[in-house]
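In: here's a sequence, model it:
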Amino acid sequence: MNEEAQLKIDGEKGFFYIDVNGKHEAMMTFVFAGKDKIIIDHTEVNSAFNGKGFGKKMVTKAVEYAREENIKIIPLCPFAKSVFNKVPEFQDVL
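Out: Next comes the predicted model:
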């Protein structure tokens, strides 16, 4: 079972997701705010996978993406915001 977070971009929006057995079981959506920022606006995990760390994996993937692309993240989603508040190593992308 591959539980790696993946990225899909479609124009001015996109999402990070985790597939389990070929099905999206977790998704975190975002929109671009100009060329140098993304706004994370929603995180959702199938309840069958609660507590498995899927949400944090997606936030971690977003941080990796932001660092690679030299962009900042605005976490409007309460879940994403809580992860950023708990993980000091992620502060550089805010």
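In: which parts of the chain are strands?
Out: In order along the chain, the chain carries the following strands (DSSP state E): 5-10, 13-20, 23-32, 37-45, 72-75.
In: of all the ones you listed, which lies closest to residue 88?
Out: Go through the strands of the chain one by one with CB to CB and the one that ends up closest to residue 88 is strand 72-75, at 14.5 Å. Glycine gets a C-beta too; all of them are placed from N, C-alpha and C.
In: tabulate the strands of the chain (JSON lines), appending mean neighbour count, distance to residue 66 and mean pLDDT.
Out: As requested, these are arranged in JSON lines below (neighbours: other CB atoms under 10 Å; distance: least, CB to CB, whole Å; pLDDT from 0 to 100):
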{"stretch": "strand 5-10", "mean neighbour count": "13", "distance to residue 66": "11", "mean pLDDT": "97"}
{"stretch": "strand 13-20", "mean neighbour count": "19", "distance to residue 66": "11", "mean pLDDT": "97"}
{"stretch": "strand 23-32", "mean neighbour count": "18", "distance to residue 66": "10", "mean pLDDT": "97"}
{"stretch": "strand 37-45", "mean neighbour count": "19", "distance to residue 66": "7", "mean pLDDT": "98"}
{"stretch": "strand 72-75", "mean neighbour count": "19", "distance to residue 66": "5", "mean pLDDT": "98"}
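In: in TSV, list the ones you listed along with distance to residue 64.
Out: Converted to TSV, the strands of the chain look like this (distance: least, CB to CB, whole Å):
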stretch	distance to residue 64
strand 5-10	9
strand 13-20	10
strand 23-32	13
strand 37-45	13
strand 72-75	11
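In: give me the residues contacting stretch 72-84.
Out: 28, 33, 36-43, 55-56, 59, 62-63, 66, 90-91, 93-94 (CB atoms under 8 Å, 6 or more residues apart in numbering).
In: one more time with 7 Å, if that's ok
Out: Taking CB atoms under 7 Å, 6 or more residues apart in numbering as the criterion, the residues outside stretch 72-84 that touch it are 28, 33, 36-43, 55-56, 59, 62, 66, 90, 93-94.
In: render the CA-only coordinates of that stretch in CSV, please.
Out: Extracted in CSV, the C-alpha atoms of stretch 72-84 (Å, rounded to 0.1, in the frame of the first residue of the first chain):
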residue,chain,number,x,y,z
LYS,A,72,5.1,30.7,0.7
ILE,A,73,2.1,28.9,2.2
ILE,A,74,-0.9,30.6,3.8
PRO,A,75,-2.7,27.9,5.8
LEU,A,76,-6.3,29.0,6.0
CYS,A,77,-7.5,25.4,6.7
PRO,A,78,-7.7,24.9,10.5
PHE,A,79,-6.0,21.5,10.2
ALA,A,80,-3.1,22.7,8.2
LYS,A,81,-2.7,25.7,10.4
SER,A,82,-2.6,23.5,13.5
VAL,A,83,0.2,21.4,11.9
PHE,A,84,2.2,24.6,11.1
